[in-house]
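[1] Sharing a sequence plus its predicted fold:
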Amino acid sequence: MGFFDKIFGKKEKQTLDEGLQKTKEGFLSKLAKAVAGKSEVDSEVLDNLEDALVSADVGIDTTVEIINRIEKRVAKDKYVSTKELNQILQQEIESILVDATEQSYKDFQTPSGNKPYVILVVGVNGVGKTTTIGKLAYNFKKAGKSVLLGAADTFRAAAVDQLTIWSERVGVPIVKQGMGSDPGAVAFDTVQSGVARNMDVVIIDTAGRLHNKAHLMDELGKINRVVKKLMPDAPHEVLLVLDGSTGQNAIEQARHFIATTDVSAIAVTKLDGTAKGGVVLAIAQQFKIPVKFIGMGEKMEDLLVFDKHEFVDSLFSLEKK
């Protein structure tokens, strides 16, 4: 594990390992059963492997893609032992995950060239959107960045109150108006304040409603337009927050938001304590949008920058010491 310790940090790696424990307990046990008593990869092994992937909520489409890739490798190499299957499976899973090299947040450093760096956060109510914003603010601040929050979810008084509590807890300023205020006006004031105060990062919350998709699209479109009046290239990131514990329901939520706004990155929350961690693979394979953050616990430090190498390594690692 030394290599990963160097690029990720021992504490972060331990959080990732422990957070994926329930997912890999079921997945690895089924994977072990899939190859039990077998010396080479045959149709029975592949059928059992398919069951292991689906049980981890990887999803049917993504599972079929992985199985097809392995079948091609088995056919090409003529003979593949079950000992090699783990390595091949890791390689194929990693190849499905989308790289985020162009706009990486390694160590919570923002991509260069934009100040403030404006992040618009979208997602339905209850997925951990406000909590994710608070954790982002904490980690960016910890990394030496100045952060400003914008409470543009003005349809729920609780949303503004919750974000205010996070701003106080983290110790970062917030721009807000009363309940029912124009979300576009709040977004405009937030970016304007961010520019005037020379902030490094501006994070804007938005309303999380799906029952009226046309309204949602209009609202997000308006926020984008008013932000661009101040910064033509902003928002620099549209971050969709999904609840990983809901498994395939998260896929449906993603489909709605991606259809209505230009999502550029995804944060998957609540992966700790669920056996559905494989949904990260399904999201990456279906939408080709990088997962950039994952939530692995309640503490502010438990929002991790996603790295596909580390994720796959943790998924296949054995019991913790």
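    It's in. Numbering: from 1, shown residues only.
[2] Every contact and neighbour count from this point should use C-alpha atoms.
    Fine.
[3] Give me the helix or strand of this protein that scores worst on average pLDDT.
    The helix or strand of the chain with the lowest confidence, counting by mean pLDDT, DSSP states H and E, is helix 2-8 at a mean of 43.
[4] Specify the local secondary structure of Ser167.
    Recorded secondary structure, Ser167: helix (DSSP: H, G, I helix; E, B strand; the rest coil).
[5] give the contact list for it.
    By C-alpha atoms under 8 Å, 6 or more residues apart in numbering, the contact set of Ser167 is 134, 149, 173-174.
[6] Give the buried residues for the helix or strand following the least confident helix or strand of the chain.
    Counting by DSSP states H and E, the element after helix 2-8 in chain order, helix or strand, is helix 10-19. Across helix 10-19, burial judged by 16 or more other C-alpha atoms under 10 Å covers 12-13, 15-19.
[7] circling back to that earlier point, show me which of the contacts of Ser167 is closest to Lys308.
    Distance ranking of these against Lys308, using C-alpha to C-alpha, places Gly134 first at 23.7 Å.
[8] which helices and strands sit right next to the helix or strand where that closest one lies?
    Element membership for Gly134 (DSSP H and E) is helix 129-142. On a contact count with 3 or more C-alpha pairs under 8 Å, 6 or more residues apart in numbering; DSSP states H and E, helix 129-142 meets strand 117-122, strand 147-151, helix 157-170, strand 201-205, strand 303-305.
[9] Could you tell me the average pLDDT over that helix, please?
    Confidence over helix 129-142 (mean pLDDT, whole number) is 95.
[10] Just the CA atoms of it, as CSV, please.
    Backbone C-alpha positions of helix 129-142 (Å, rounded to 0.1, in the frame of the first residue of the first chain) are rendered in CSV as follows:
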residue,chain,number,x,y,z
LYS,A,129,-26.1,18.3,-1.0
THR,A,130,-25.8,20.9,1.8
THR,A,131,-23.5,18.7,3.8
THR,A,132,-21.3,18.1,0.8
ILE,A,133,-21.1,21.9,0.3
GLY,A,134,-20.1,22.3,3.9
LYS,A,135,-17.4,19.6,3.6
LEU,A,136,-16.1,21.1,0.4
ALA,A,137,-15.8,24.5,2.1
TYR,A,138,-14.0,22.9,5.0
ASN,A,139,-11.5,21.0,2.9
PHE,A,140,-10.8,23.9,0.5
LYS,A,141,-10.3,26.2,3.5
LYS,A,142,-8.0,23.6,5.1
